[in-house]
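# Model the structure of this input:
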Amino acid sequence: MDSLPTLPIPISFISGRYLLFSIDAVTYLRREHNICGVLIGTLPQIPQQNVFLGLPLELMPEEARVLVDRGVACIVDEAKAHDGMKSLLEEDRRQYLRELESQGLHATRILSDRKGQQRDQALKKLDEKAKAKAKAKAKATKAADDNASASSSAQQDEPASVVDLFADDGSNPASSSKPLTSSTPDAQLAMGITPATSYPPLPHPSSSSQLLSKPEVPLSYPLFAHLHSRGYFLSPGLRFGCQYVAYPGDPLRFHSHFLVVSAEWDQNIDLMDIVNGGRLGTGVKKGFLLGGPEKSREEVNSEAERVESVRAFSIEWAGM
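As a prediction, this is how the structure comes out:
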C-alpha cells in the first residue's frame, strides 16, 4: 500500500515547470484529487523512448493552482531549497548513504529469492514431464510385451527419468540432500538505489523556500477548476485540437467524454469554430464543450468567484 505523503505536498518549481518527483505524491494526487499530469522522465541511454516514461511528473499550471488553492500542495523554489545541502552534516550524509545501501541489499535479496523460485518451478516442470513420458512409454512397452523376459528386456532399454539420470552421482537438484544455494546477497554488490526526491536527507521544505505567489494560470483556468470540482480528470488536449480533454474517471479506466475549449463570456466566437469543434468532437466520439465564467476579472475580488460563475455548453453534430 502506498504511504501517504506529508501535506502540503511540495511541488518543485524548476525553470518555469511544476514537477513532482515523489511516486507517493503522484499516486496520492491521482487517487484522491483527480490529478494526472504528464510523465516526462526518460532514460539517458534511450532519449527517444516515448512509450513508458517515468518520473518526474509535470503538472499543468492549472493543476498546480488547483492543488495550492485547496491547501493540498505548495510551490517550492528548488534552487533555494537545495541550499540546505551545503549545511548538511557529514554524519547525516553517511547515515543516509547507509540507508540507501540497506535498501539496495533488501532489493537484491528479493530478486535472488524470486529467481530461486522461478528456477525451482522450471526444474519441477521438467521432472514432471520426464516422469510422465517415461510412464507412458513403460505402459506402451508393457502392453506390447508377450512374456516376462521380453518385458524385462524392454525395461532395461527404457530411458531413465530425470530423477534416475542423477540418482548415482547425487547431483539431481530435485532429489539431492543438499539444496542448491546461490551466493548470498550480502556477498554481492547491492543494487544501486537512486532516490527521486531530496526529502530526506533534506527536511521537509520550510516556508522560506516556498513561493508566496500562486502559479500563473491562463484565462481558461475557471473552466478547468469548474470541471475539476465536478469530478472530471483533465489532461492537455493538444492531440485533439482543444485546450483540455475531460474524462469522467481515471483515464486508465475511461475514455474521455469532452473536448474542452474555454472562452470569455463576452468574447466574439466565429461560428465556424463552433461547427469545426462540433464535427471534430463527434468524429472522435466526444462532445464539444464550450464554456467560461460569466463574470470578468474586473467584476470579482477573487478567482474563486469566477469559478463559481462558470457556465458550460456541450455541442454535438447530429446526423453523423
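# ok, V66 - contacts?
H33, I35, F224, A225, H228 (Cβ atoms under 8 Å, 6 or more residues apart in numbering). Bear in mind the C-beta positions are built from the backbone N, C-alpha and C, glycine included.
# Roughly how far does it sit from N276?
29 Å (Cβ to Cβ, to the nearest Å).
# From the contacts of V66, pick the one nearest R306.
Nearest to R306 among the contacts of V66 is A225, at 8.7 Å by Cβ to Cβ.
# dump the residue contacts of that closest one.
E62, R65, V66, D69, E303, V307, V310.
# That one: which element?
Using DSSP states H and E, A225 sits in helix 221-229.
# So for that helix, what gets flagged as buried?
Y221, P222, L223, F224, A225, H226, L227, H228 (16 or more other Cβ atoms under 10 Å).
# Likewise for stretch 25-39?
For stretch 25-39, a neighbour-count test (16+ other Cβ under 10 Å) marks A25, V26, Y28, L29, R30, H33, N34, I35, C36, G37 as buried.
# Same check on stretch 139-148?
T141.
# other SSEs contacting the lengthiest helix in the chain?
Using DSSP state H to define each element, the chain has its longest helix at helix 90-144. Using 3 or more Cβ pairs under 8 Å, 6 or more residues apart in numbering; DSSP states H and E, the elements in contact with helix 90-144 are helix 148-157, helix 162-165.
# What residue spans form the domains of this protein?
1-88+202-217, 90-187, 218-320 (automatic domain parsing).
# chain center to the first one, what's the gap?
Between the mean C-alpha point of domain 1-88+202-217 and the mean C-alpha point of its chain there is a distance of 15 Å (Cα atoms, centre = their mean, to the nearest Å).
# Can you classify the residue nearest to H228 when sequence neighbours are not counted by secondary structure?
Nearest residue to H228, sequence neighbours excluded (Cβ to Cβ, 6 or more residues apart in numbering): V66, at 5.7 Å. Using DSSP: H, G, I helix; E, B strand; the rest coil, the structure places V66 in helix.
# Would you mind checking the average pLDDT for stretch 74-85?
For stretch 74-85, mean pLDDT is 82.
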